[in-house]
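A.B. asks: 3D model of this:
(4 chains)
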Protein chains: 4
Amino acid sequence: MKLIHDPIYGHIELDEFAVRLVDTPEFQRLRRITQLGLAFLAYPSARHTRFEHSLGTFYLAKRIAEHNPEIEEGAVYAALLHDLGHYPFSHTLETLYPRHEENTKWFIRHGEISDVIRERYSLKEFLRFLKHPLVSGDIDADRMDYLVRDAYYTGVAYGLVDLDRLVRNLHYDGERLIIGEKGIMAAQSLLLARSMMYPTVYGHHVSRIASAMLVKAVELEGLSLDEIRVMDEVDLVARLRRSEKDEVRELVKAIDDRRLYKRVLYSGHDPGREFVGDLMRELEAEFGHLVLVDYPPKPKFEEKNAFVVADGRLKRLSEVSPLVRSLVELKDTHWRWGVYARADVRGRAVEFMEDFFGRRGVDFAIQKP
Amino acid sequence: MKLIHDPIYGHIELDEFAVRLVDTPEFQRLRRITQLGLAFLAYPSARHTRFEHSLGTFYLAKRIAEHNPEIEEGAVYAALLHDLGHYPFSHTLETLYPRHEENTKWFIRHGEISDVIRERYSLKEFLRFLKHPLVSGDIDADRMDYLVRDAYYTGVAYGLVDLDRLVRNLHYDGERLIIGEKGIMAAQSLLLARSMMYPTVYGHHVSRIASAMLVKAVELEGLSLDEIRVMDEVDLVARLRRSEKDEVRELVKAIDDRRLYKRVLYSGHDPGREFVGDLMRELEAEFGHLVLVDYPPKPKFEEKNAFVVADGRLKRLSEVSPLVRSLVELKDTHWRWGVYARADVRGRAVEFMEDFFGRRGVDFAIQKP
Amino acid sequence: MKLIHDPIYGHIELDEFAVRLVDTPEFQRLRRITQLGLAFLAYPSARHTRFEHSLGTFYLAKRIAEHNPEIEEGAVYAALLHDLGHYPFSHTLETLYPRHEENTKWFIRHGEISDVIRERYSLKEFLRFLKHPLVSGDIDADRMDYLVRDAYYTGVAYGLVDLDRLVRNLHYDGERLIIGEKGIMAAQSLLLARSMMYPTVYGHHVSRIASAMLVKAVELEGLSLDEIRVMDEVDLVARLRRSEKDEVRELVKAIDDRRLYKRVLYSGHDPGREFVGDLMRELEAEFGHLVLVDYPPKPKFEEKNAFVVADGRLKRLSEVSPLVRSLVELKDTHWRWGVYARADVRGRAVEFMEDFFGRRGVDFAIQKP
Amino acid sequence: MKLIHDPIYGHIELDEFAVRLVDTPEFQRLRRITQLGLAFLAYPSARHTRFEHSLGTFYLAKRIAEHNPEIEEGAVYAALLHDLGHYPFSHTLETLYPRHEENTKWFIRHGEISDVIRERYSLKEFLRFLKHPLVSGDIDADRMDYLVRDAYYTGVAYGLVDLDRLVRNLHYDGERLIIGEKGIMAAQSLLLARSMMYPTVYGHHVSRIASAMLVKAVELEGLSLDEIRVMDEVDLVARLRRSEKDEVRELVKAIDDRRLYKRVLYSGHDPGREFVGDLMRELEAEFGHLVLVDYPPKPKFEEKNAFVVADGRLKRLSEVSPLVRSLVELKDTHWRWGVYARADVRGRAVEFMEDFFGRRGVDFAIQKP
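C.D. replies: Predicted coordinates:
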């Protein structure tokens, strides 16, 4: 058994098998994948990595499993490995490549870590564990850890959750983690915390702009999935810094120096995918990499799978909590799309956009320099 | 004025001139210099950087200056920039290159940041501010920030200091920061915290071994001062990864994968510089980069400059605090030198060392595999 | 100036006038008025008093005033004194006597503290300050302090609020504290925290039962307003312990020993004031002090006065925050009325209630022993 | 099993037998015995009680026992009950009555709690458990809890200890709790924390003066051991408030109003018991209760029983830690004796003392008003 220091839980105990999984190059790579991508440009202290988060998820999964002996051990190890497939800067590049969950499956099948897993589990069996509600529910060990951890590292006050109470009140029914009556308030609090972390941290506009710039650089560099999937952040940044394309080197230097593009448009009004597609093409033709469009998918409200036992009956959490219900309504409130331009072309971009909107007969709040 | 989120102080306010200093490539580079070097291999969550620490030092320096109007503003900006010259992985490479303070002076004279400084100060003037007791005393803003910050990020319990009380009780006499009577306990507590952070965090053997490996890799790569001084950690690691020398690539891969050398010897008994020099040469000849000797300088006990006013008289802190006095005695207690070998040559290294010690007639506790 | 240690804010500075207000018997009495009344029977560590809370409210009021120079100093001192009139065990006895705000006004007019106030302010002037939005709004210094403080002392995770951000973003317009755009999330978080503290702490059933018992004891003892208004908790408990009435002594002993009445009914369904009045009278006739009815007023949702500036316009907070809107809907969710009986008559009380409900043709969930 | 909320440990689990012990009037009385006596007059937030501390000690004792299966269960329950005998305001009145440990033994033999204990243990057996190293060593569950708890409630920065690491590294050898090598730093830190809490909190002069006043009031009231031993703080304060002696009522009112006596002398120089005895008698004859002498025993340095295993050998902690060694030297540093006078006789008291010292040919620093 090995003890790892952690500022959230004090110490995390790793049994011998967990140590062997952690001691592989594939898992150690997570030390070089920032948990919150480029959010450190808005919250300088947010430098924690997928490594600590994976250990923390394992810790919580194990504690939940201790209260639910019918949870198989394999699911707890799956909690440890659930983020193995993250690309450099975590979610940032998922607009260009398959979601990291797909890449996690790829890692399970390759390299040293795959050999270690196969000592105990068939790959098919283990891949099934990755879908276990311990790490893929609305109230799960993954989410519990990242909210509290992200709040700790950013210093933001919205991630406090009574983890102890929640862990003690999650009951596995063979299919789902059901929240016991005494855990309802803590579960509600977790979903609220998440809804407040979104606009404050995860979707902070500084992080959004920097991400759009990085996505463009990687796209221009033309990295294949096979290349990117095994990279860490050193590999990626070094590769972009010595790119043969001026635009790529320029973009990565601007991120390094925090000389970010400026907002030309930042709006919660959605003109539709087609409209934005047209705009993107015209801007691309006119400005190349100097003006970027950021049109993220709408956040899914995923509470539908949080079940509680209240008054002896199984209910959705939203049935018993008006606050959770209102999260459905809330989900689009903080959605924004944006157009960002390099400072020196901002004026021109504004003009271009005014013209474009004028042609389309749309009235939009453009942010003038 | 700009507000920056910080988990230690809530928010750090930057005035316009501070913003301009921070918004230079030279300062932004600090985001990619880990505060504790390779300590994250022992404390995974210790991923904070010189960037946050510099902002924190500025914050405390400013608060101290608010209580001491005679402190010049330039000294507070110097606090912001005092760590500008750190090499990748902070202190790790200072065995190969001049101390980072020298490099800070170099940065003050070069690049964009130098231009910004010169708008307000002559370089000569500003270089003098870098020696101000605000950042170069035994009880100063630098040390106050790093102890509390390092404790926060590692999760170690030994860094708690009553910063508020200390800040309120530091009185500048034109030359030194004198500790007022009500701040004595807090100052003592700071020095004790530091003495406990040393063996626990700063000198953790995992960090020591990895550092020795990195030093060897950089040494083999033969990087000049002009090259290293402007590098960040991405530059350095990427450079080592694509080295033409097998040994360098092997060493950096071992650090990445946390496959660290094992201790062959780890001892607090000092056989003298000459003896160790001989050993080093013989090991080098026999094992090359596979066995490393780590012979650090003895820690200096720097309390000699902490002054207090007690019973109306100026005294050294050690005069009024037996605990601080005992830190003098303590200073060598945690000093260790070590010999580390790659796992597969550890057995051979042990034999070699036994032979070497035998020849010299020295009896040493060698750590057998 | 005097510094007072406080675990929430580090140190609270008191100017000379504040010290003189604090150093009166009337203010010192607050040290013996528990902030959360009998909640310590559910949360043993909740032993903090109105004294610390008053100092904390003063601290926040002062910080808000520093950002808003047009706030008069008197309003900040009013924040210090706003809770002067609390009865023993805070809100518990407000069902028997005028609200504590009335009693605060009485204190302002009597005793040493009145003399100190009148050195600077006319009483009329000062009484007006007590209605200042600093302490009587929806987002005010009072509420900001008690939520964070109550969370700290109970150890409950629901009271975390970004006070620093909120303080920096409250703008006084001569009439109200308006929340600036950057403070919206923190303000929303405060109202949510409050809505979660209600069922978890403030309305915890253990506290409710003990309160009903204390109210009955005080009622039976027949204390006049003139007696109770100047009492502290020592006075009240000592008086009840040596009451001439057996029932009073029995009730206070049961609270002391935490041998609380048991729930016969605990329901969120409101049968109406008249119905409950009839039940109360019949239970009283049959059981005397052995069965108690607790029929609290519905919580008011007081958000109506929280204003924000968003997109340059003054709006209600509920307009811009769906979560805050849902608090209106939520407000009754956690309301409960209860019937509590001494353990040995619980069976009889259940029978009696079943009979009563039967006669009325009402179907109620009675909690059988 | 019952869960109790606690801000230090999150939740404390009580098994059924522990619940029965806690649910006795004797244990519930601890809710009305302040942990730090009158220290709240210096640290307003220090309102925690022996009740929470007893639960916390039980929690830590249980965790230590989980790592040491040979520790008998009875010792863990003894940890829960070890403070049962504290008088009102904890240690304050131990100068007038037998130490609280004696009173704990008395409680073990009387009342409901005695009946519960005897269901499982003979009294002789249980009294032996009270001396178990779990609660009567230098590094024990009692001390671990109170340091951390007192720091939390006072907001003082000196009580942080790595409890988790310490708990994991205490090994019971049938006689003592031996500190394992990895726990040495945490154990040293605990003893240092204690040495800093003494002057800062436990021996704060405000608390010392108020305590001297209370001791005098109780002495004048002439309460017998049989009376005081079962009192809680309500009983005691109420009794003193309605005393027939003017002096007693005056003293307790002065404490209530925080109108404390002033220091006439406060010195670390010890003139000897006999000298102080003479002074006390003369002051008593001249001033009665208006001038009080506070001559506390020297603190014992109790580290002698902290054993560690280092380099495979059993050693005293002081052998391996120079800092702990220096605590021996330190122990008298913060000792003070004092003479305190009611403000209006302070001048006269100074004159009297000068005369007394003059007659004795002693030169003392008297604090002139």
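A.B. asks: do you know how far the residue in chain A positioned nearest to chain C is from chain D?
C.D. replies: Chain A approaches chain C most closely through A:Ser326 (3.4 Å), counting by Cβ to the nearest Cβ. The C-beta positions use only the backbone N, C-alpha and C, and glycine is treated the same way. Distance, A:Ser326 to chain D, by Cβ to the nearest Cβ, to the nearest Å: 28 Å.
A.B. asks: quick one, grab the pLDDT at A:Lys368.
C.D. replies: pLDDT recorded at A:Lys368 is 60.
A.B. asks: ditto for A:Leu323
C.D. replies: So, for A:Leu323, pLDDT stands at 85.
A.B. asks: ditto for the one 10 residues further on
C.D. replies: At A:Thr333 the predicted local confidence, pLDDT, stands at 76.
A.B. asks: now the strands for the stretch 151-300 of chain A?
C.D. replies: Assigned by DSSP state E, counting those that start in this stretch, the strands in the stretch 151-300 of chain A fall at A:170-172, A:177-179, A:262-267, A:291-294.
A.B. asks: can you say which of the ones you listed is nearest to chain B?
C.D. replies: For chain B, the closest of those is strand A:262-267, at 14.0 Å, according to Cβ to the nearest Cβ.
A.B. asks: return the residues of the stretch 1-150 of chain A in contact with chain D.
C.D. replies: A:Leu3, A:Gly10, A:His11 (Cβ under 8 Å from any Cβ of the partner chain).
A.B. asks: neighbours around the first one, how many?
C.D. replies: Okay, so that is A:Leu3. Look at A:Leu3: counted by other Cβ atoms under 10 Å in any protein chain shown, it has 14 neighbours.
A.B. asks: tell me which other helices or strands the helix or strand where it lies touches.
C.D. replies: Using DSSP states H and E, A:Leu3 sits within strand A:2-6. Contacts defined by 3 or more Cβ pairs under 8 Å, 6 or more residues apart in numbering or on different chains; DSSP states H and E place strand A:2-6 against strand A:10-14, helix A:50-67.
A.B. asks: what's next to whichever helix or strand comes after the last one, contact-wise?
C.D. replies: What that stands for is helix A:50-67. Under the assignment DSSP H and E, the closest C-terminal helix or strand after helix A:50-67 is helix A:73-81. Residues from elsewhere that reach helix A:73-81 (Cβ atoms under 8 Å, 6 or more residues apart in numbering or on different chains): A:17-18, A:21-22, A:27, A:54-55, A:57-58, A:60-62, A:65, A:104, A:107-108, A:113, A:117, A:120-121, A:125-126, A:129-130, A:132, A:134-135, A:141-142.
A.B. asks: returning to that earlier point: any idea how far the strand holding A:Leu3 is from the middle of the chain?
C.D. replies: For strand A:2-6, the separation from the chain centroid amounts to 25 Å (computed by Cα atoms, centre = their mean, to the nearest Å).
A.B. asks: before we move on, the earlier item: quick one: which of the helices and strands packed on strand A:2-6 is nearest chain B?
C.D. replies: Short answer: helix A:50-67, nearest of these by Cβ to the nearest Cβ, at 4.9 Å.
A.B. asks: elements contacting that closest one?
C.D. replies: So helix A:50-67, by 3+ Cβ pairs under 8 Å, 6+ apart, packs with strand A:2-6, strand A:10-14, helix A:25-28, helix A:73-81, helix A:133-136, helix A:141-154, helix A:163-168, strand A:170-172.
A.B. asks: can I get these in TSV with distance to C:Arg263?
C.D. replies: Below are the helices and strands packed on helix A:50-67 laid out as TSV (distance: least, Cβ to Cβ, whole Å):
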stretch	distance to C:Arg263
strand A:2-6	41
strand A:10-14	38
helix A:25-28	52
helix A:73-81	39
helix A:133-136	34
helix A:141-154	32
helix A:163-168	22
strand A:170-172	25
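A.B. asks: would you turn those into a markdown table with distance to D:Asn305 and mean pLDDT?
C.D. replies: Below are the helices and strands packed on helix A:50-67 laid out as a markdown table (distance: least, Cβ to Cβ, whole Å; pLDDT from 0 to 100):
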| stretch | distance to D:Asn305 | mean pLDDT |
| --- | --- | --- |
| strand A:2-6 | 27 | 95 |
| strand A:10-14 | 27 | 96 |
| helix A:25-28 | 44 | 98 |
| helix A:73-81 | 41 | 98 |
| helix A:133-136 | 46 | 92 |
| helix A:141-154 | 38 | 95 |
| helix A:163-168 | 34 | 93 |
| strand A:170-172 | 44 | 96 |
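A.B. asks: residues in contact with the residue in the stretch 51-200 of chain A that chain D sits nearest to?
C.D. replies: Residue nearest to chain D within the stretch 51-200 of chain A: A:Asp164 (4.3 Å; Cβ to the nearest Cβ). Neighbour list for A:Asp164: D:Gly10, D:His11 [criterion: Cβ under 8 Å, 6+ apart].
A.B. asks: kindly report the same for A:Val156.
C.D. replies: A:Tyr43, A:Asp150, A:Met197, A:Thr200, A:Val201, B:His5, C:Asp162.
A.B. asks: farthest pair in those?
C.D. replies: Across those, the longest distance by Cβ to Cβ is 14.6 Å; it joins A:Asp150 and C:Asp162.
A.B. asks: how about the residues of chain A that lie near chain C?
C.D. replies: A:156-158, A:160-162, A:165, A:185-186, A:188-189, A:192, A:195-196, A:199-200, A:322-323, A:325-327, A:329-330, A:333.
A.B. asks: what about burial for those residues, which qualify?
C.D. replies: With burial judged by 16 or more other Cβ atoms under 10 Å in any protein chain shown, the buried subset of the residues of chain A next to chain C is A:156-158, A:160-162, A:165, A:185-186, A:188-189, A:192, A:195-196, A:199-200, A:322-323, A:325-327, A:330, A:333.
A.B. asks: quick revisit: tell me which residues in the strand holding A:Leu3 are buried?
C.D. replies: Using 16+ other Cβ under 10 Å as the test for burial, strand A:2-6 gives A:Ile4, A:His5, A:Asp6.
A.B. asks: just stretch A:291-302 next, same as before
C.D. replies: Residues of stretch A:291-302 classed as buried by neighbour count (16+ other Cβ under 10 Å): A:Val291, A:Leu292, A:Val293, A:Asp294, A:Tyr295, A:Pro299, A:Phe301.
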